[in-house]
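Trainee: model this:
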Amino acid sequence: MCRSIASYMEKTGKFEIVFVAYDGASGLSSILEKAPDVVILDILLPERDGISILEYMRDIKERPVFIMLTAVGQENITRQVLELGANYVILKPFNMDILLKRVLELYSVKNKVSENDFFIEATPKINKDEAITTMLQKIGIPINLKGYNYLKIAASLSLDDPKLLESITKLLYPTIAKECGSTASRVERDIRHSIEVAWGRGKGQYYYDMIGYGGASEEKPTNGAFISTIVEKLRRQLS
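Mentor: Here you go, the predicted structure:
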């Protein structure tokens with residue numbers, strides 16, 4: 001999770017990752033030494049937990065924004081960390097885009113700056129077909145399988161007409177089948193096969209890093225979940 005969060009934040013081009021720590025003791029030392037603006041801190045850590053770090057930092061005047069991560073949704077724990085000075089608590093598993101939004105919001109409020117300050121350079125326009133191809137290849141969908149082509153068409157059609165995602169079996173598959181001279185059942189089967197092949201080769205990690213999922217990367221998404229997720233990500237890239 002540490003690597004996934006750091007990689008995601010760094011790829012946005014809006015942050016400098018000043019350190020990544022895998023235990024509370026080294027984490028506290030790095031906070032004191034490097035004085036980061038924002039700290040994303042898990043409550044459960046080896047050597048020194050997140051609550052004890054907040055306790056130590058409570059009386060320090062120049063302190064960072066603390067965003068706490070927890071797998072335990074207990075009200076008493078949430079209340080405790082907020083009383084110790086945490087700025088926000090996020091329950092795991094969580095969406096990386098939401099985490100990014102909270103980091104920007106909380107930093108902006110604390111430092112009295114506009115969130116727009118983080119978006120100085122205009123993002124260059126991305127070609128739709130190129131974006132779809134890049135994403136599918138990063139996820140590891142083999143280009144030699146029929147399902148790869150069907151997924152490209154599914155993403156392209158759904159970006160143009162989001163209503164297709166409301167009924168993938170009854171609308172999207174038949175539309176792809178008609179375009180490719182196939183049948184809806186074959187389209188569904190070939191897409192399923194391509195996803196299973198990618199996961200069988202251990203290529204599911206990029207997909208789960210992309211959506212900020214903390215579970216096991218060998219868990220294969222359904223066709224519908226896979227298509228909907230990549231379309232959502234592509235729409236944000238292309239907007």
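
Trainee: and the helix-or-strand element of the chain with minimal mean pLDDT, how far from the chain's centre?
Mentor: Using mean pLDDT, DSSP states H and E, helix 205-211 stands out as the lowest-scoring helix or strand of the chain, at a mean of 76. Helix 205-211 sits 7 Å away from the centroid of its parent chain (Cα atoms, centre = their mean, to the nearest Å).

Trainee: in the helix or strand that that helix is followed by, what's buried?
Mentor: Next in sequence after helix 205-211, counting helices and strands by DSSP states H and E, comes helix 223-238. Buried residues in helix 223-238, counting neighbours by 16 or more other Cβ atoms under 10 Å, are found at 223, 226, 227, 228, 229, 230, 231, 232, 233, 234. The way it works is simple: take the backbone N, C-alpha and C, and place the C-beta from them, glycine included.

Trainee: Could you do stretch 38-48 as well?
Mentor: 38, 39, 40, 41, 42, 43, 45, 48.

Trainee: swap in stretch 133-144?
Mentor: 133, 135, 136, 139, 140, 141.

Trainee: check contacts around the third one.
Mentor: Pointing back at residue 136 there. Residues in contact with residue 136, defined by Cβ atoms under 8 Å, 6 or more residues apart in numbering, are 143, 148, 151, 152, 155, 230.

Trainee: where do the strands sit along the chain?
Mentor: Listed in chain order, the strands of the chain (DSSP state E) span 38-42, 65-70, 88-91.

Trainee: looking at those, which has the lowest confidence?
Mentor: Mean pLDDT across the strands of the chain is lowest at strand 88-91; the value there is a mean of 87.

Trainee: partners of that strand, with directions?
Mentor: Here strand 88-91 has these sheet partners by DSSP bridges: strand 65-70 (parallel).

Trainee: Now do the strand it pairs with against strand 38-42, angle only.
Mentor: Following axes from the mean of the first three to the mean of the last three Cα atoms, to 10 degrees, one obtains 20 degrees for the angle between strand 65-70 and strand 38-42.

Trainee: Need the residues that contact strand 65-70.
Mentor: Contacts of strand 65-70 (Cβ under 8 Å, 6+ apart): 1, 37-44, 50, 54, 57, 77-78, 81, 85-92, 94, 99, 102-103, 106-107, 110.

Trainee: so how far is that strand off the chain centroid?
Mentor: Centre-to-centre, strand 65-70 and its host chain are 17 Å apart (Cα atoms, centre = their mean).

Trainee: can you list the domain ranges for the protein.
Mentor: Domain assignment for the chain by automatic domain parsing gives 2-118, 128-238.

Trainee: ok, which stretches of the protein are helices?
Mentor: Here the chain has its helices, by DSSP state H, at 2-11, 24-34, 50-57, 75-83, 96-111, 128-139, 146-160, 173-180, 184-200, 205-211, 223-238.

Trainee: quick one: average pLDDT of the second one?
Mentor: Regarding helix 24-34, the rounded mean pLDDT is 92.

Trainee: other SSEs contacting it?
Mentor: Helices and strands touching helix 24-34, by 3 or more Cβ pairs under 8 Å, 6 or more residues apart in numbering; DSSP states H and E, are strand 38-42, helix 50-57.
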